[in-house]
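Q: sequence-free structure coming up:
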């Protein structure tokens, strides 16, 4: 069984509006699972973290959060599957891009390092041959599938269909 992952939100930049961090892009390239932890590092004089509903996320409304974090070093463990929406509640920060959403999937869908890539045999031993990598993971784990799944789930949610 794979270990839970710890994600530093914004990587080395942290949770900020300085430096042009694209939090949507940051989140889109990760697969979040139940038990994983998001770590938000920021100056609590200028930022906070609010977990909000999808509706509030889309309108950058921080007035009715599900949860508020304001220590400057917040660790949030993802306890259930589904969509999570985060934004900064300081005026103008959400509108400036300090927000992201994630889809948390069951731990059973977590890939282990041994199932991600394994080398396939090289066709020959001459100098022009190259080693290619073949995924041994089921097709469910392809990045195209995950993107399509996230997109479909997002479309269903914004149209009011909940599953």
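A: Done, it's in. In this text the structure is predicted, and so the values were computed from the model without any measurement. Numbers count the residues shown, from 1 in each chain.
Q: now the strands: where do they sit in the chain?
A: 6-8, 32-33, 37-41, 49-52, 67-69, 73-77, 82-87, 99-105, 118-119, 133-134 (DSSP state E).
Q: Of these, which is nearest residue 22?
A: strand 99-105 (9.0 Å; Cβ to Cβ). Just so you know, the C-beta spots here come from the backbone N, C-alpha and C atoms, and that holds for glycine as well.
Q: what does that closest one contact?
A: 9, 23-24, 26-27, 30-34, 36, 54, 57, 60, 78, 80-88, 149-150, 153-154 (Cβ atoms under 8 Å, 6 or more residues apart in numbering).
Q: Which of the residues you listed are buried? Put it as a ChimeraX command.
A: Here is the ChimeraX selection string for the buried members of the contacts of strand 99-105, based on 16 or more other Cβ atoms under 10 Å:
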select :9,23,26,27,31,32,33,34,36,57,60,78,83,84,85,86,87,88,150
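Q: from what I can see residue 8 touches residue 36, true?
A: No: between residue 8 and residue 36 there is no contact under Cβ atoms under 8 Å: 11.9 Å.
Q: What part of the protein, helix or strand, is modelled with the least confidence?
A: strand 133-134 (a mean of 38; mean pLDDT, DSSP states H and E).
Q: quick one on the thing from earlier: now tell me which of the strands of the chain the model trusts least on average.
A: Out of the strands of the chain, strand 133-134 stands lowest, with a mean of 38 (criterion: mean pLDDT).
Q: re earlier: ranking the strands of the chain by burial, who's on top?
A: Ranked by mean neighbour count under mean count of other Cβ atoms under 10 Å, these are led by strand 49-52, which reaches a mean of 23.
Q: quick one: the helices in this structure?
A: Counting by DSSP state H, the chain has helices at residues 23-28, 54-59, 113-116, 143-158.
Q: Least reliable of those by average pLDDT, please.
A: helix 113-116 (a mean of 42).
Q: so what's the residue nearest to residue 70 when sequence neighbours are not counted up against?
A: Nearest-residue entry for residue 70: residue 48, 4.4 Å, with adjacent residues in sequence omitted and distances by Cβ to Cβ, 6 or more residues apart in numbering. Contacts for residue 48 (Cβ under 8 Å, 6+ apart) come out as 42, 68, 69, 70, 88, 89, 90.
Q: contacting residues around residue 52?
A: Per Cβ under 8 Å, 6+ apart, neighbours of residue 52: 61, 62, 64, 65, 66, 85, 86, 87.
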